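Asker: sequence isn't available, so here's the structure alone:
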């Protein structure tokens, strides 16, 4: 490539290494090793220098401002041409309608009080540490210029619809995790005016899980002389919580280290807390009500997570293997102590530290907080 050495550009933006020629763009994330290579169509009379400078007269361009394909549609309300693809038309409805002082089109979202800094490097205040060719680190499928962009309070930019989608999808799998509400680059809470409603819901759930996990840690006698922040992080890493499909509250589902891997292919309606799936008419706790009511898995000595068929409580492992465990004869079921997937454990002590009926019967453990206080 000696004849092209003058056109080579190498950049490092927020953990992404980028090599750019006038005919090729290669981008790779340093941590995940995900990479994208884009081959660009170039005419014979192409000016190499101009390949790195976006046209200030974008409204006169014949290509779509989002995907780069040929565009025949111009919107009088939105500067620049947009093709007829559904995604591009949707972006057109959400993109800012202003033109920046440098002459480039604003790449931000509509109705922002302050426009996004220029994605083409015209800003001199270094507020934006990424540019139009950087990949969105949420979808890792399109460059930032391919959709309206928001600048988070932490200083990192992403597609607006990618941030919204991440908050709406929430966590993968049944167990609650909170990485979905963090900036993928710096791991701080995402913060932008257009995300306020979804972030408020996520923060309220996180605070509820944090409160319940801390209470359980304290009642189990595991609280150390750490700061509240350290103790909260330890408690939330130690315990697994799930959202009840009926009351939409977080409920305890055992220790995270005991959790069997559960695929994303599960029925959310089967995630029901003990209070909403009370088939044994458990006595409510006089101190904590029904907030911490728990059930034992019918087929092992583990706290139940799933409630199925309107009659049966399962832990995550037994739920994944429900066809086998439910077809087992009562005489073939393990005695206490019984492990996940109806396996026989050695020893005499029940992992739940309670006396309960034989495996194969429904049993309400009662208030999990009070039970742990008496146990430990």
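Answerer: That came through, no problem. All values reported here derive from a predicted model rather than from experimental measurement.
Asker: got the domain ranges for this structure?
Answerer: Domain segmentation of the chain under automatic domain parsing yields 1-53, 55-169, 205-375.
Asker: ok, residues contacting stretch 304-320?
Answerer: Here stretch 304-320 makes contact (CB atoms under 8 Å, 6 or more residues apart in numbering) with 174, 240, 242, 253-254, 259-260, 262-263, 266, 270-272, 274, 276-277, 279, 294-300, 302-303, 322, 325-326, 340-342, 362. Placement of C-beta: from N, CA and C, glycine included.
Asker: residue contacts, residue 223?
Answerer: When contacts are counted by CB under 8 Å, 6+ apart, residue 223 touches 214, 217, 231.
Asker: quick one, phi psi at the last one?
Answerer: Backbone torsions of residue 231, given as degrees, to the nearest 10, read phi -60, psi -40.
Asker: now swap in the second one and tell me
Answerer: Here the main-chain torsion angles of residue 217 (degrees, to the nearest 10) amount to phi -60, psi -40.
Asker: gap between it and residue 136?
Answerer: If you measure residue 217 against residue 136 using CB to CB, to the nearest Å, the figure is 37 Å.
Asker: now do the first one
Answerer: Between residue 214 and residue 136 the distance is 35 Å, computed by CB to CB.
Asker: so the most centrally placed residue in the chain, which of the three states?
Answerer: Closest to where the C-alpha atoms of the chain average out (CA atoms, centre = their mean) is residue 180, at 2.6 Å. Following DSSP: H, G, I helix; E, B strand; the rest coil, the label given to residue 180 is helix.
Asker: need the pLDDT of it.
Answerer: Per-residue pLDDT puts residue 180 at 96.
Asker: helix, strand or coil for residue 127?
Answerer: coil.
Asker: what about it, distance to residue 210?
Answerer: Counting by CB to CB, the gap between residue 127 and residue 210 amounts to 32 Å.
Asker: which one's more surrounded, the two?
Answerer: Legend: neighbour count by other CB atoms under 10 Å for residue 127 and residue 210, higher for residue 210 (20 against 11).
Asker: setting the sequence-adjacent residues aside, check what's closest to the more buried one.
Answerer: residue 232 (5.0 Å; CB to CB, 6 or more residues apart in numbering).
Asker: do residue 296 as well
Answerer: Nearest residue to residue 296 in three dimensions, chain neighbours excluded: residue 363, at 4.6 Å (CB to CB, 6+ apart).
Asker: residue 89 now?
Answerer: residue 82 (6.6 Å).
Asker: tell me the pLDDT at that neighbour?
Answerer: So residue 82 comes in at 87 (pLDDT).
Asker: in the stretch 1-150 of the chain, which spans are helices?
Answerer: In the stretch 1-150 of the chain, the helices defined using DSSP state H, counting those that start in this stretch lie at 86-94.
Asker: tell me, please, where in it the pLDDT is lower than the cut-off.
Answerer: 1-6, 13-15, 41-61, 72-76, 124, 126 (pLDDT under 70).
Asker: where do the strands sit along it?
Answerer: Shown for the stretch 1-150 of the chain, the strands assigned by DSSP state E, counting those that start in this stretch span residues 9-13, 16-20, 24-29, 35-39, 73-75, 78-82, 149-151.
Asker: and among those strands, the most buried is which?
Answerer: Comparing these by mean neighbour count (mean count of other CB atoms under 10 Å), strand 149-151 comes out on top with a mean of 23.
Asker: partners of whatever helix or strand comes next after that strand in the sheet?
Answerer: The helix or strand immediately downstream of strand 149-151 is strand 157-159, counting by DSSP states H and E. The strands beside strand 157-159 in its sheet (DSSP bridges) come out as strand 149-151 (antiparallel).
Asker: follow-up on the earlier one: out of the strands of the stretch 1-150 of the chain, which is closest to residue 112?
Answerer: strand 149-151 (8.2 Å; CB to CB).
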